[in-house]
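*Asks:* heads up, no residue letters with this:
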């Protein structure tokens, strides 16, 4: 029985994974075509972006070697880029410094930095949101429910930069009062020896505030969604039967209803990871983290077609993995969808 169930889950996840891979490829291809059509990488070679004009022959060579020459037909450039993608080569970056930095190398340096924020923020926010949503549903209309509802709506309605500023100012206030606080910007202290315990400790402290910001947004969204699904389960017949047998609402929910309440949360998880990446754009900029979010902003600003497509590919893969994980959990929780 367990082997059959495991095979059903594996088959279900495999089909969904194949679908997500196709969607990731389509999304990345569309992003490349859109960036190659709308961005103008040749503009970085001339004032005001460049200090002085580049000779025409040099400009053409610059654009050709990077596969971003607008004189080359769009689908010819796309075919070249697609051939590189199949080989694991996303091309090179463009910009005013004329450097030919491979996009894969740039992403390889920045992805671990961003993943620290996205994964930690999403996991902590998800756990908190699920717990808060379930408790507030079980104790509906209580003081805790009302406070959690007000805070959740406040967080959802506020722009990310505002929340970041509030967290930073709170940290500054604590520092002014006690003399102790967390690093406000820059996760790396250049004055500390690289690899030393002091440097590692500084980086861990610098991770706290950005993680808090992302976790707050995730917890606010998850708590509202979890409360709705929990209330649906609390009104079900099998929960009423469990309570009629003498179980309290909380025990009945924990023993019989939690699994059913978590099922709709599975697909929401994939969107939450995408939302965390969007939020990390502001977090990386305002906390000075050199991650994919900052690279995305600079790529668009420098009309970097290859870099922009690489960022979209990273986002698509991140969403693909989170969606596959969510489908795996759903397959385990709910046999009806297999």
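*Replies:* Thanks, I have the structure now. Treat the numbers as computed from the prediction; the structure is a model and nothing was measured.
*Asks:* in the stretch 201-338 of the chain, which spans are helices?
*Replies:* Assigned by DSSP state H, counting those that start in this stretch, the helices in the stretch 201-338 of the chain fall at 237-244, 249-252, 258-262, 265-287, 292-301, 305-333.
*Asks:* want to try CSV for these, with mean neighbour count, distance to residue 76 and mean pLDDT as columns?
*Replies:* Quick note: C-beta positions are derived from backbone N, CA and C, even for glycine. Output for these, formatted as CSV (neighbours: other C-beta atoms under 10 Å; distance: least, C-beta to C-beta, whole Å; pLDDT from 0 to 100):
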stretch, mean neighbour count, distance to residue 76, mean pLDDT
helix 237-244, 13, 61, 74
helix 249-252, 16, 64, 71
helix 258-262, 18, 49, 73
helix 265-287, 21, 31, 75
helix 292-301, 20, 22, 87
helix 305-333, 21, 14, 81
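*Asks:* Just tell me which of those ends up closest to residue 37.
*Replies:* helix 305-333 (9.4 Å; C-beta to C-beta).
*Asks:* what residues go with each domain of the chain?
*Replies:* Annotated domains of the chain cover 1-96+328-332, 109-301 [automatic domain parsing].
*Asks:* Just name the most buried of those domains.
*Replies:* Most buried of the domains of the chain by mean neighbour count (mean count of other C-beta atoms under 10 Å) is domain 109-301; its value is a mean of 17.
*Asks:* From one end of that one to the other, what's the distance?
*Replies:* Its first and final residues considered, domain 109-301 spans 20 Å by C-alpha to C-alpha, to the nearest Å.
*Asks:* What about the residue nearest to residue 95 when sequence neighbours are not counted, how many residues nearby?
*Replies:* The spatially closest residue to residue 95, leaving aside those adjacent along the chain, is residue 302, at 4.4 Å (C-beta to C-beta, 6 or more residues apart in numbering). A count of nearby residues for residue 302, using other C-beta atoms under 10 Å, gives 20.
*Asks:* The helices of the stretch 201-338 of the chain into JSON lines, with extra columns for distance to residue 216?
*Replies:* Shown next, in JSON lines, are these (distance: least, C-beta to C-beta, whole Å):
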{"stretch": "helix 237-244", "distance to residue 216": "31"}
{"stretch": "helix 249-252", "distance to residue 216": "26"}
{"stretch": "helix 258-262", "distance to residue 216": "21"}
{"stretch": "helix 265-287", "distance to residue 216": "10"}
{"stretch": "helix 292-301", "distance to residue 216": "17"}
{"stretch": "helix 305-333", "distance to residue 216": "19"}
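*Asks:* Which one, of those helices, ends up nearest to residue 230?
*Replies:* With C-beta to C-beta as the criterion, residue 230 lies closest to helix 258-262 of the helices of the stretch 201-338 of the chain, at 4.7 Å.
*Asks:* The closest one - contacts with which helices or strands?
*Replies:* helix 103-138, helix 197-234, helix 305-333 (3 or more C-beta pairs under 8 Å, 6 or more residues apart in numbering; DSSP states H and E).
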